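# sequence and predicted structure, then a few things I'm wondering about:
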Amino acid sequence: MTNLSYQEIEFSYAGIESTSFTVKFYQIQLNNNPISTPISGSKNMVFDKLAYRDTISRNRTEMEAITFSLIVSPLDEQWTDELRLQIFEWLGSRKEQEFKTSDNENKCLYGIFTNAFNLTLMPNNKGYIELEFQATTPYWLVNNTTTIDCTLASPITPIEFTINNITNVQHPKYEDYSYFPKIYADLNSNATNFKLVNVSNSNRETSFTNLAANEHLYIDNDLEEIETLSGEQVLSKFNDNYFKLIKGVNTIRCYYPCTLQIECQFPQFV
């Protein structure tokens, strides 16, 4: 006979706390085995076969997205029509939403509940729903946003600060632990240049010249996308070095007056 037991879990999805509802969510435990917590998706090696050779050569490694199951039940309460509407509207998004657990609100996943909502009912409208969650990433994302006042920066006296790259997941392209954050930069009225130098990464420079006064830059260094508040196309003014953090503590210098926000969601197996 299968022995099922449950461990309660509290989380937020799409910015709404699970504790807002008169239901409980559980991870499933089977036959007294330890409850597994998803840390990463599985890995697969993609190979190339060489003609007239018995050996094969690894082309790349692919990772599958994190998936896990949850049970939702109102326990001794009934599945009323109102409760069904509330739960299905909350969890039925077609677009990936942020998922956070209460044990560590700095880490998150983005994803959707993928299976059909099959409600297993018992007498008196009591019962449960089993949910399957699929994330968009094979790892958790750990939030770390840094705001730096560089309004006094100049080429002679740059502002220096540090950011700790805490990822423990190798980059899929470079196979090292580099990370490419998002940058928001609000330039001062007397600054038309922008320049960051990562001293820890062989003085790698990310810079723009001859920008509009009071320009606002948004740089997605991972997707290699740049936007400006003015709408001006600035690729011709960019040195084509997207900003990169190496693993560990990075020492960075800002050379022109601005306010910086560096937004990181570090991949982590946690």
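The structure has been received and is ready for your questions.

# for the stretch 101-250 of the chain, just list every one of the strands.
104-113, 119-122, 126-135, 140-150, 159-165, 182-187, 194-198, 204-208, 216-220, 225-228, 248-254 (DSSP state E, counting those that start in this stretch).

# ok, of these, where does mean pLDDT dip lowest?
Of all the strands of the stretch 101-250 of the chain, the minimum mean pLDDT falls on strand 119-122 (a mean of 78).

# could you report the neighbour count for Thr251?
By other Cβ atoms under 10 Å, the residues close to Thr251 number 13. C-beta coordinates here come from the backbone N, C-alpha and C atoms, glycine included.

# what do you get for Asp222?
15.

# any idea how far Asp186 is from it?
21 Å (Cβ to Cβ, to the nearest Å).

# is it true that Ser247 touches Asn164?
Heads up, residue 247 is Lys, not Ser. No - if you go by Cβ atoms under 8 Å, Lys247 and Asn164 don't touch, sitting 9.3 Å apart.

# more neighbours: the two, which one.
Set Lys247 next to Asn164 and count neighbours by other Cβ under 10 Å: Lys247 wins out with 16 against 13.

# got the contact list for that one?
By Cβ atoms under 8 Å, 6 or more residues apart in numbering, the contact list for Lys247 reads Asn165, Thr167, Asp176, Tyr177, Ser178.

# so how far is Pro123 from the last one?
The one in question is Ser178. 58 Å.

# with Phe88 instead?
22 Å.

# my guess is Asn241 meets Arg204, correct?
Yes - applying Cβ under 8 Å, one finds Asn241 in contact with Arg204, separated by 6.1 Å.

# so between the two, which is more surrounded?
Arg204 (17 against 14).

# what's across from the more buried one in the sheet?
Asn198 (DSSP bridges).

# what's near enough to touch it?
Going by Cβ under 8 Å, 6+ apart, the list of residues near Arg204 reads Val197, Asn198, Asn241, Lys244.

# which one among those gets closest to Thr259?
Val197 (17.8 Å; Cβ to Cβ).

# now do the same contact list for that closest one.
Here Val197 is in contact with Pro158, Asn203, Arg204, Glu205, Thr206, Ile252, Arg253, Tyr255 (Cβ under 8 Å, 6+ apart).

# from memory the fifth one sits against Ile252, does it?
Just to be clear, that refers to Thr206. No - Thr206 lies out of contact with Ile252 (Cβ under 8 Å); the separation is 9.7 Å.

# of the two, who's got more company?
The residue with more neighbours, out of Thr206 and Ile252, is Ile252; 24 against 20, by other Cβ under 10 Å.

# those helices in this structure, which residues are they?
81-91 (DSSP state H).

# what about it, any weak spots by pLDDT?
1-6, 27-38, 40-47, 50, 52-60, 76 (pLDDT under 70).

# what do you get if the cut-off is 80, keeping everything else the same?
For the chain, applying pLDDT under 80 flags the ranges 1-8, 26-62, 75-77, 116-118, 120-126.

# now do the contacts for the residue nearest the centre of it.
When Cα atoms, centre = their mean is applied to the chain, the residue found nearest the centroid is Leu141 (3.9 Å). Neighbour list for Leu141: Lys107, Cys108, Leu109, Tyr110, Gln265, Phe266, Pro267, Gln268 [criterion: Cβ under 8 Å, 6+ apart].

# are any of the residues you listed buried, and which?
Lys107, Cys108, Leu109, Gln265, Phe266, Pro267, Gln268 (16 or more other Cβ atoms under 10 Å).

# wait, what's in contact with the last one?
Going by Cβ under 8 Å, 6+ apart, Gln268 touches Lys107, Tyr139, Trp140, Leu141, Val142, Ile166, Thr167, Asn168, Val169.
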